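Q: Fold the following, please.
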Amino acid sequence: MLLQMDNITKSYGSVTANSGVSFSLGKGEIHALVGENGAGKTTLMRILYGMESPTSGEIRLNGKPVSFVSPADAINHKIGMVHQHFMLFPTFTIAENIVIGREPSKGVGFDRKAAAIETERLGKLYGMPVDPWKKVADCSLGMQQRVEILKVLYQGAEVIILDEPTGVLTPLEVKELLIAIKALAAQGKSFVLISHKLQEIMEVADRVTVLRDGKVTGTLDAKDTNVESLSRLMVGRDLVHISRNESFRGKPVLEVAEVSMKGTKTKPLLSDISLHVNEGEIVGIAGISGNGQSELIQAISGLMKPDNGMIKLLGQDVTGAPVGAIRERGLAHIPEDRYQWGVAKDATVTENGLMGHTGSHQKYGILNGTSIRHMIAEWVTRFGIKTGSLSTKAQFLSGGNLQKLIVARELAQKTPFLIAAEPTRGVDVGAMEIIHGELLKKRDEKGAILLISSELTEILKLSDRILVMYEGRIVGELDADSATEEQISLLMAGGKAVG
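A: The predicted structure follows:
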């Protein structure tokens, strides 16, 4: 075996993240690592990449014991990691990002031309072509993912760790990435793939190791298992199939009429957007990231003011109103970026959960600590949020557990209207089942939900109606019961609906 991790244990005080975990990787192998949020996947790989030190256990590379004290140490041993949240400099070019730290020089200066030539060579060699002179800020998320992989290849990595690599990619970008991973493996590169997307894992992995509560519950050849079996190993039970029932559709809760928003370039951010969401209805918005979904969310929630048009919530004009006033009118919001909009990382689980709930847990200006802790403890149990305590800072929760906390907090507002943007991004299959069930429950209780998701399966599963956005416009409306992924994908790419 190229790599062997034997009986790895990692403890943080009384909390054990990994308990006697063994994991191996062969040359040219794609080995997937799956498990619930907080199961210990990322911790194990942070140990391998030198970001953490194991409490006990041994790592062997090519049969020899090794110990990494830093990522630089791991890179020197030809181990690279592409993190869930990209670590690129937006104002730098693709070539500058790839060679940073190992820049080719010309005299005493940085040889940008040599960097561009090397970047082009790498891209062609590994079947991942890029424009070396293009700034990262102007790249799609799929291209940024490609840059991250080329960066670790430039560093000489033979083992590449990918942490949730498809979480923010479009279906086409996911397909291209999986093809690239398989091609690189065929050239002898070895991959550890951390992912919650079991169907993608089945397409690309050679073996799968499942973690639950920091322990290995199984290592299987991908050809000998299936999504259902992996799900059972992950959560320790059979998942419940959730289906969308017929529901009561009442009066409009959200009304958006001819909303436009100017952009900094020639194309507008939003162009004549009109839509409505009724009581007892989930309206899904599909579209490739960057086609106006974010701006639409911000216009509705009060974070940005549209240049033209009107937005009504429960019949009242809230166009350009302050965020607080719109929330008081009846809006709750699961944001698409949990770190930028959803939490204060230095605040505790309790403090983050309390946001928006202070009014119902105080008397004479004094907060009732007991009722607050009871409320948040109930969320922790119901949504399976893994945290050391309610006093743990948000920054120490895994991304998926943070997402569950935000979803629980916003659903508990019990508002007439909810914006659910990427509500299951980065969560495991068990948590996805819970969140989907809670969204459908709100809809069945006459709540109105605007669902924005890059996951077409999620859009089709939850929506009553589906709108597709392309270049700041709504280019199609489909009935969810008859819509197909092919129809939606065609509209997302700027084509016309057929059939």
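Q: Show me what the helix or strand hosting residue 203 packs onto, helices and strands only.
A: Taking DSSP states H and E as the criterion, residue 203 maps to helix 198-204. Counting by 3 or more C-beta pairs under 8 Å, 6 or more residues apart in numbering; DSSP states H and E, the packing neighbours recorded for helix 198-204 are strand 30-35, helix 171-186, helix 227-235. Heads up, the C-betas are built off the backbone N, CA and C, glycines and all.
Q: And the closest residue in space to residue 67 that isn't next to it in sequence, what's its pLDDT?
A: Taking C-beta to C-beta, 6 or more residues apart in numbering, and ignoring the residues beside it in sequence, residue 67 has residue 59 as its nearest neighbour in space, at 6.9 Å. Model confidence at residue 59, expressed as pLDDT, equals 96.
Q: coming back round to it: got the buried residues for the helix holding residue 203?
A: When neighbours are counted by 16 or more other C-beta atoms under 10 Å, the buried residues of helix 198-204 are found to be 198, 200, 201, 202, 204.
Q: What lies in contact with the helix or strand following that helix?
A: Sequence-wise, the next helix or strand downstream of helix 198-204 (DSSP H and E) is strand 207-212. Surrounding strand 207-212, the residues in contact under the criterion C-beta atoms under 8 Å, 6 or more residues apart in numbering are 21, 23, 29, 31-36, 39-41, 44, 201, 216-222, 225, 230, 233-236.
Q: I'd like to know which of those residues are buried.
A: 21, 23, 29, 31-36, 39-41, 44, 201, 216-218, 220, 222, 225, 230, 233-235.
Q: ok, back up a step: ok so the residue nearest to residue 67 is a strand residue?
A: Yes - Residue 59 sits within a strand when classified using DSSP: H, G, I helix; E, B strand; the rest coil.
Q: That one and residue 4 touch, don't they?
A: Yes - if you go by C-beta atoms under 8 Å, residue 59 and residue 4 touch, sitting 7.3 Å apart.
Q: who's more crowded, these two?
A: It is residue 59, of residue 59 and residue 4, that has more neighbours when counted by other C-beta atoms under 10 Å, with 22 against 16.
Q: Show me the beta-bridge partners of that one.
A: Applying DSSP bridges to residue 59 gives these bridge partners: residue 5, residue 66.
Q: For it, which residues are in contact?
A: With contact set as C-beta under 8 Å, 6+ apart, residue 59 has these partners: 3, 4, 5, 6, 8, 47, 48, 65, 66, 67, 68.
Q: Residue 35 versus that one, what's the distance?
A: Using C-beta to C-beta, to the nearest Å, one obtains 20 Å as the distance from residue 59 to residue 35.
Q: State the number of residues packed around residue 86.
A: By the other C-beta under 10 Å criterion, the neighbourhood of residue 86 contains 16 residues.
Q: Report the separation between the nearest residue to it once chain neighbours are set aside and residue 182.
A: Computed as C-beta to C-beta, 6+ apart, the closest residue to residue 86 that is not its neighbour in sequence is residue 144, at 5.2 Å. According to C-beta to C-beta, residue 144 stands 20 Å off from residue 182.
Q: do the same with residue 382
A: Computed as C-beta to C-beta, the residue 382 to residue 182 distance reads 39 Å.
Q: Who does the lowest-mean-pLDDT helix or strand in the chain pair with, and is each partner parallel or antiparallel?
A: Taking mean pLDDT, DSSP states H and E as the measure, the helix or strand of the chain with the lowest value is strand 362-363, at a mean of 76. Sheet pairing here is set by DSSP bridges, and for strand 362-363 it gives strand 366-367 (antiparallel).
Q: neighbouring contacts of the strand it pairs with?
A: Here strand 366-367 makes contact (C-beta under 8 Å, 6+ apart) with 354, 358, 361.
Q: avg pLDDT for that strand?
A: Per-residue pLDDT values over strand 366-367 give a mean of 80.
Q: what does the domain assignment say about this structure?
A: As assigned by automatic domain parsing, the chain contains the domains 3-235, 252-492.
Q: and the end-to-end length of the shortest one?
A: Translated: domain 3-235. 27 Å (C-alpha to C-alpha, to the nearest Å).
Q: What of the longest one?
A: Length of domain 252-492, first residue to last, C-alpha to C-alpha: 26 Å.
Q: The nearest residue to residue 215 once chain neighbours are set aside: what secondary structure?
A: Setting aside the residues directly before and after it, residue 215 is nearest to residue 19 in space (C-beta to C-beta, 6+ apart), at 5.1 Å. Taken by three-state DSSP, the conformation at residue 19 corresponds to strand.
Q: same check, this time on residue 257
A: Note that with three-state DSSP, the state of residue 257 is strand.
Q: Repeat that for residue 339.
A: Classified using three-state DSSP, residue 339 is helix.
Q: residue contacts, the residue nearest to it when sequence neighbours are not counted?
A: Leaving aside its sequence neighbours, residue 339 sits nearest to residue 345 (C-beta to C-beta, 6+ apart; 6.9 Å). Counting by C-beta under 8 Å, 6+ apart, residue 345 touches 339, 393, 394, 395.
Q: cool, residue 427 as well?
A: Applying C-beta under 8 Å, 6+ apart, the residues near residue 427 are 37, 196, 400, 403, 404, 435.
Q: The fourth one contacts residue 428, correct?
A: No - taking contacts as C-beta under 8 Å, residue 403 lies outside contact range of residue 428: 10.2 Å.
Q: For those two, list the residues in contact with both.
A: residue 37.
Q: What segments of the stretch 351-499 of the chain are helices?
A: Applying DSSP state H, counting those that start in this stretch to the stretch 351-499 of the chain gives helices spanning 369-383, 399-411, 429-444, 456-462, 485-492.
Q: Among the ones you listed, which comes closest to residue 100?
A: In this view, the helices of the stretch 351-499 of the chain are compared for proximity to residue 100 by C-beta to C-beta, and helix 399-411 is the closest at 24.9 Å.
Q: Could I get the average pLDDT for the closest one?
A: 90.
Q: send the alpha carbons of that helix over as CSV?
A: C-alpha atoms of helix 399-411 as CSV (Å, rounded to 0.1, in the frame of the first residue of the first chain):
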residue,chain,number,x,y,z
GLY,A,399,-19.8,22.7,8.2
GLY,A,400,-22.6,20.3,8.1
ASN,A,401,-23.4,20.7,11.8
LEU,A,402,-23.3,24.5,11.5
GLN,A,403,-25.8,24.2,8.6
LYS,A,404,-28.2,22.1,10.7
LEU,A,405,-28.0,24.8,13.5
ILE,A,406,-28.9,27.5,11.0
VAL,A,407,-31.8,25.5,9.5
ALA,A,408,-33.2,24.7,13.0
ARG,A,409,-32.9,28.4,14.0
GLU,A,410,-34.7,29.7,10.9
LEU,A,411,-37.4,27.1,10.9
